[in-house]
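*Asks:* Need the 3D shape of this:
(chains A and B)
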Amino acid sequence: MNKADMIENTEKIKIKLHKRYAKEKRFKFYGISAIAVSIAFLLSLLINISATGLPAFQQTYINIDVDIDSNLLNLNQQYGEKELFRADYSQVVKQSLKKLFPGVEGRKQKRALRQLVSKSAIYQLRDLVIANPNVINTKQSLWFLARDDVDVFMKGGIDRSLPESDRRLKDFQLVWVDKLVAENRLEKRFNTNFFTEGDSREPEQAGIKGAMIGSLLTMLVTMLLSFPIGVSAAIYLEEFAPKNNRWVDLIEININNLAAVPSIVFGLLGLAVFIGLFGVPRSVPLIGGLVLTLMTLPTIIITSRAALKAVPPSIREAALGLGASRVQTTFHHVVPAAMPGILTGTIIGMAQALGETAPLLMIGMVAFIADVPQGITDPSTVLPVQIYLWSDSPERAFTERTSAAIMVLLGFLIVMNFLAVIMRKKFEKKW
Amino acid sequence: MINIEKREEFDIEIDKTVGKPFVSGAKFSARNVDVFYGDKQAIFDANIDIGKNQIIAMIGPSGCGKSTFLRCLNRMNDTIQDCHMKGEIKLDGEDIYHKQQDPVLLRARVGMVFQKPNPFPKSIYDNVAYGAKLHGLASSKIELDELVEKSLIRAGLFKEVKDSLHKPGTGLSGGQQQRLCIARTIAIDPEVILMDEPTSALDPIATAVIEELMIDLSKKYTIAIVTHSMQQAARVSQRTAYFHMGQLVEVNDTNTVFTNPEHQLTENYITGRFG
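*Replies:* Modelled structure (predicted):
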């Protein structure tokens, strides 16, 4: 090549160079805009959910001076705990409300008056009296949960300017609420109920503790089953199973296919096999965990195998060369080296299981359960199903609780992913 | 690389290994060894003895089967699917491919150092102690400490790492890592050490250190080394075997091979006409 040719080549390259850089810039722009769009979507989702859900973390309480009159309670001179339990607390609450708003007439209005306060007020009062019978025949200033309509109004969810017929609170009720506000008898507090109570038909009493404990127990069952089974299967398939064997290939293809099976199918399987054949009780964390184990296993097996495969073969050779057996090589060196990947895969699988609803519908975990489960054989529901149930309820207060529950679920997922990152960092070894 | 097959001048029939493939009092003796990867034959009828307390160098162009042959000597090829061998390899007169021969025991007797330094992602101490722990060679912590120290001293690494025994072995330099791997191998006190291009990933200074170490170790151990560097083979080994396309062309004293090769192929290779 002579000098003239070389100069010509440089010119040619220069012309192309401009195009090449333009291409690079374009590609960079596509990438950044794709990320920007997804961040925008994510943000709008989070903002939307937070805006709807945040009010649920506050709850309106109503202050009433209660005259705990033994006559109203319908108590005789002699009474034990049994009588106290059966006493007529609703009368006390009713009369106390009447005193607050004298001059309320008519059945409809009287009923509306009672409905300022949550039904739970009766139980709150009962618990107070049973715990401390000395309060009978005294006057107490007590804070009760406000009814959901009042609560929603206090949080600005009901528009005063709407025609009365379109409003959940009628004009006369608004007058009462205004009076209560003026007397400082309405107060918004942090909604501890939401975290300490089970589900309820009344939005103001409904909490997610039952669903949270249910989710926790279900995850525990899933974890205890799917981690050892999945990791063992992955280790066997990757390290010990004969390669290029027709049966192993068949199993591998099936595992890969199972990962793509719609989750509701696993629910049907659980219904038919675990409940139908083995008689596992329905609606309990045990069956939920079993079904979710089936669902998570392919994920765990596939990610664990990938992690095992990524361990450099030189480590296996080093151990074998020193006279370690295959099992020793696998468990002393390969599995520890693959641990970060295995744990990440497991946690991702668990996070998937935590957010799963469809298969649980099949096995009865969609039932309305107000009690907090005490063990893996107590009927319970889980967070995503609770969200599904609440989203079905028409009450405005349930809408905000739905979003709040979603926030809690997202919180759990973020924590789990964070855990995955920490684990990976902790177990990661440099080669 | 030159395509050997297309050049007629190298297309020379190999009937029989020339030179002196057999020695008396051999540590290893291989007879009629054929190795296959699936249907592909990698080694054709290799016959060779490896003398005790000697260094034998195996040289030859890439893909000639020298590493494959080396890996037959401690049955590392067993771990490769589809790889099987025919023939007979005896270690001290004992067939190592006999059904009753345990490959795990064999590998404790025949250690191996690999091309790329491959310390375990553990501390330097644990790297050296692993084999000993595995085979129960040390009965107490003190004994194990001594063994680790002794092995590191023999591998010429102790001075450099004595203050960082519990730091990861993977944090060492390439040459140090390779010496760590040698220390790890001699910690289980094998009879033979196989080295598969142990210095190909190292710089000349680290290479010189390892070569010195090899010569030192050969007083106690029998060493078989695969190398691409003819200078290295000339520097360290007593005998040299030349492999060509799966065939063992020539085995002889190193001096003879490099000064007066018997076979045309050997001469072509060592004079740098291909390879």
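
*Asks:* what helix or strand is B:Leu194 on?
*Replies:* B:Leu194 belongs to strand B:192-196 when assigned by DSSP states H and E.

*Asks:* That strand pairs with which strands?
*Replies:* strand B:110-113 (parallel), strand B:222-226 (parallel) (DSSP bridges).

*Asks:* Can you give me the buried ones in it?
*Replies:* B:Val192, B:Ile193, B:Leu194, B:Met195, B:Asp196 (16 or more other Cβ atoms under 10 Å in any protein chain shown). Every C-beta, even on glycine, is put in place using the N, C-alpha and C of the backbone.

*Asks:* do the same with stretch A:420-431
*Replies:* In stretch A:420-431, counting by 16+ other Cβ under 10 Å, buried: A:Ala420, A:Met423, A:Phe427.

*Asks:* Phi first, then psi, for the nearest residue to B:Ile182 once chain neighbours are set aside.
*Replies:* Nearest residue to B:Ile182, sequence neighbours excluded (Cβ to Cβ, 6 or more residues apart in numbering or on different chains): B:Ala155, at 4.7 Å. Reported as degrees, to the nearest 10, the phi and psi values for B:Ala155 are phi -80, psi 0.

*Asks:* For chain B, what lies in contact range of chain A?
*Replies:* Within chain B, the positions near chain A by Cβ under 8 Å from any Cβ of the partner chain are B:74, B:76, B:79, B:81-82, B:104-108, B:111-112, B:114, B:116, B:118-121, B:130-131, B:134-135, B:168, B:170-171, B:181, B:184-185, B:188.

*Asks:* These in strands, which ones?
*Replies:* Cross-referencing the residues of chain B next to chain A against strands under DSSP state E gives B:Gly111, B:Met112.

*Asks:* Now restrict the residues of chain B next to chain A to buried residues only.
*Replies:* B:74, B:76, B:79, B:104, B:106-108, B:111-112, B:114, B:116, B:118-121, B:130-131, B:134-135, B:168, B:170, B:181, B:184-185, B:188.

*Asks:* Against B:Thr79, how distant is whichever residue of the stretch 151-300 of chain A sits closest to chain B?
*Replies:* In the stretch 151-300 of chain A, the residue that lies nearest chain B is A:Lys243 (4.7 Å; Cβ to the nearest Cβ). Look at A:Lys243 and B:Thr79: by Cβ to Cβ, to the nearest Å, they are 11 Å apart.

*Asks:* cool, and B:Ala132?
*Replies:* Taken as Cβ to Cβ, the span from B:Ala132 to B:Thr79 is 22 Å.

*Asks:* And A:Glu24, by the same measure?
*Replies:* To B:Thr79, A:Glu24 is 45 Å away according to Cβ to Cβ.

*Asks:* And for B:Thr227?
*Replies:* Distance, B:Thr227 to B:Thr79, using Cβ to Cβ: 23 Å.

*Asks:* What residues does the stretch 251-400 of chain A have near chain B?
*Replies:* Residues of the stretch 251-400 of chain A found near chain B (Cβ under 8 Å from any Cβ) are A:312, A:314-325, A:328, A:332-333, A:337.

*Asks:* pLDDT (mean, whole number) over stretch B:197-216?
*Replies:* Throughout stretch B:197-216, pLDDT has a mean value of 88.

*Asks:* just how off-centre is it within its chain?
*Replies:* 13 Å (Cα atoms, centre = their mean, to the nearest Å).

*Asks:* Now it: buried residues?
*Replies:* B:Glu197, B:Pro198, B:Thr199, B:Ala201, B:Leu202, B:Ala206, B:Thr207, B:Val209, B:Ile210, B:Glu211, B:Leu213, B:Met214.

*Asks:* Tell me if B:Phe22 really is in a helix.
*Replies:* No: if the criterion is DSSP: H, G, I helix; E, B strand; the rest coil, then B:Phe22 is coil and not within a helix.

*Asks:* returning to that earlier point: ok, the buried residues of stretch A:420-431 vs chain B, which is closest?
*Replies:* Nearest member of the buried residues of stretch A:420-431 to chain B, counting by Cβ to the nearest Cβ, is A:Phe427, at 10.4 Å.

*Asks:* mind checking pLDDT for that closest one?
*Replies:* Looking at A:Phe427, the pLDDT reads 80.

*Asks:* follow-up on the earlier one: in JSON lines, list the buried residues of stretch A:420-431 along with secondary structure and distance to B:Ile59.
*Replies:* Formatted as JSON lines, these follow (DSSP: H, G, I helix; E, B strand; the rest coil; distance: Cβ to Cβ, whole Å):
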{"residue": "A:Ala420", "secondary structure": "helix", "distance to B:Ile59": "50"}
{"residue": "A:Met423", "secondary structure": "helix", "distance to B:Ile59": "48"}
{"residue": "A:Phe427", "secondary structure": "helix", "distance to B:Ile59": "42"}
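
*Asks:* Could you list which of those also contact chain B?
*Replies:* Of the buried residues of stretch A:420-431, not one also sits near chain B (Cβ under 8 Å from any Cβ).
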